[in-house]
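Participant: when you get a sec, could you give me coordinates for this:
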Amino acid sequence: MLNRARRDVTCLIAAGLLVSLAACSSANSTTSTASTASPQSSDASSGAASQGYGCAAARGKVAGFSEPIADPNFAAIQAILLKSLAQYGVTLKALNANLSPPKQISDINTMLTQGINVLIVNPVDPHATEAVLNQVRAKNIPIVALDTKIGGPYLSTVHDDMEYAGAEGARTLKQLVGNGSVGEIAGPPFAEVLTWERQAFEAEAKQIGLHIIAVGVNQQLSPPGGAQIAAAWKVKYGSAMKGIWATSDSTAIGVVSTKSGSFAPQIVSINGQPEALPLVSAGKINTTFGVPYDKTAQALAWSALRALCGKSAPPVIYIPTIKLNATNVSSWEPIASRLNNPFQISFEQKNGQTYVKYP
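Facilitator: Residues are numbered from 1 along each chain as shown. Model (predicted):
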């Protein structure tokens, strides 16, 4: 979930600067069997819907949300969480760590002091937050995690399927460059979700014989960082570099700025950020992968309500990633237009794993 934007969440929501998402199906062709989440009765006298995902016990409770970074994706997730939980009488208390593990620890301690009944957390550094999360557990407060495989136990972990994007990104580059050489621009190693992307990309590249001749790290996930790495490769490799994998659209935007003359690598990226979509339409970025973060948010809300109602949830809930290129990027619907969609969620099984159905 981490990407390069560092902006205030409240201002983002007010300004409506929200990431665009697709209204298209996942490229994952695995056969699946659908099963709909069973709604539970809620407290009709509370004003919530007479059927839904809440319960009388949830009303009046407080959910904490510890976010890792202020960016458009988390602005959208916060807004959808707020609306979805309020439907069942649950208040949301959200604090943003701004990519600082010490601040995230302080944020969670603040929530504990002020009082929460369930914690939703996306750790900046899951090793750093392990001790404070144990304090949460010691108070018998259930935890719903986002995008971490470290620590636990959690009631449930919502997992954006970045491994698919990384592996499919390698396959896409191989199709584009054949036996040509490519560069890889990774993100900072402390970001767990970026490590998943990198590991999946590199494992698939090795499997299919994609020739990686250079690896760089864009520590800030910024366009200038991506441009600096690509500019150096332009001088060193020139036309011999046929493609570049970028671990974020922000990085890819920087790479695009360096393309000229014989240096015209095919770019495959990830995130589906709004500023990258016109570049995908124009073919300047060949492919990106987006996550339907509205469903990420609804899965978090659903899991939090299960916790407050004393119910179980799947240990891991996967959110599919969506492959976007010039043929389908125009159907990538901005999340801003879906913020007020009904809170509806259902699941399907793929390879023994629980996925949110999308669309």
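Participant: where do the helices sit along the stretch 201-350 of the chain?
Facilitator: 223-237, 249-256, 277-281, 293-308 (DSSP state H, counting those that start in this stretch).
Participant: could you chop the chain up by domain?
Facilitator: Residue ranges for the domains of the chain, per automatic domain parsing: 9-161+292-322+331-356, 162-290.
Participant: least confident of these, on average?
Facilitator: When the domains of the chain are compared by mean pLDDT, domain 9-161+292-322+331-356 comes last with a mean of 82.
Participant: related to what we said a few turns ago, can you list the domains of the chain in a markdown table and add mean neighbour count?
Facilitator: In short, each C-beta sits where N, CA and C put it, glycine included. Below are the domains of the chain laid out as a markdown table (neighbours: other CB atoms under 10 Å):
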| stretch | mean neighbour count |
| --- | --- |
| domain 9-161+292-322+331-356 | 19 |
| domain 162-290 | 21 |
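Participant: report the separation between residue 109 and residue 253.
Facilitator: Per CB to CB, to the nearest Å, residue 109 is found 37 Å from residue 253.
Participant: start to end distance for stretch 203-215?
Facilitator: End-to-end span of stretch 203-215 (CA to CA, to the nearest Å): 14 Å.
Participant: give me the contacts around it.
Facilitator: 166-168, 170-171, 173-174, 177, 179-186, 202, 233, 236-237, 240-241 (CB atoms under 8 Å, 6 or more residues apart in numbering).
Participant: gap between the helix or strand hosting residue 76 and the chain center?
Facilitator: For residue 76, the element it lies in under DSSP states H and E is helix 72-86. Distance, stretch centre to chain centre, for helix 72-86: 13 Å (CA atoms, centre = their mean, to the nearest Å).
Participant: ditto for stretch 294-308
Facilitator: Chain-centre distance of stretch 294-308: 15 Å, with CA atoms, centre = their mean.
Participant: how about stretch 148-164?
Facilitator: So, by CA atoms, centre = their mean, the centroid of stretch 148-164 is 11 Å from its chain's centroid.
Participant: go on, stretch 52-70?
Facilitator: Averaging C-alpha positions (CA atoms, centre = their mean) puts stretch 52-70 19 Å from its chain's average.
Participant: and that stretch, end to end?
Facilitator: Criterion CA to CA; first-to-last residue distance in stretch 52-70 is 30 Å.
Participant: swap in stretch 332-343?
Facilitator: Stretch 332-343 end-to-end distance (CA to CA) = 20 Å.
Participant: again with stretch 136-148
Facilitator: The first residue of stretch 136-148 is 17 Å away from its last residue (CA to CA).
Participant: next: stretch 284-293.
Facilitator: Using CA to CA, the two ends of stretch 284-293 sit 25 Å apart.
Participant: one more: stretch 124-143?
Facilitator: End-to-end distance (CA to CA), stretch 124-143: 15 Å.
Participant: can you list contacts of that stretch?
Facilitator: Stretch 124-143 is contacted from outside by 2, 68-69, 97, 99-102, 104-105, 108-109, 112, 116-121, 123, 148, 150-151, 153-155, 190-192, 307, using CB under 8 Å, 6+ apart.
Participant: one more time with 7 Å
Facilitator: Residues from elsewhere that reach stretch 124-143, judged by CB atoms under 7 Å, 6 or more residues apart in numbering: 68, 97, 99-101, 104-105, 108-109, 112, 116-119, 121, 123, 148, 150-151, 154-155, 190, 192, 307.
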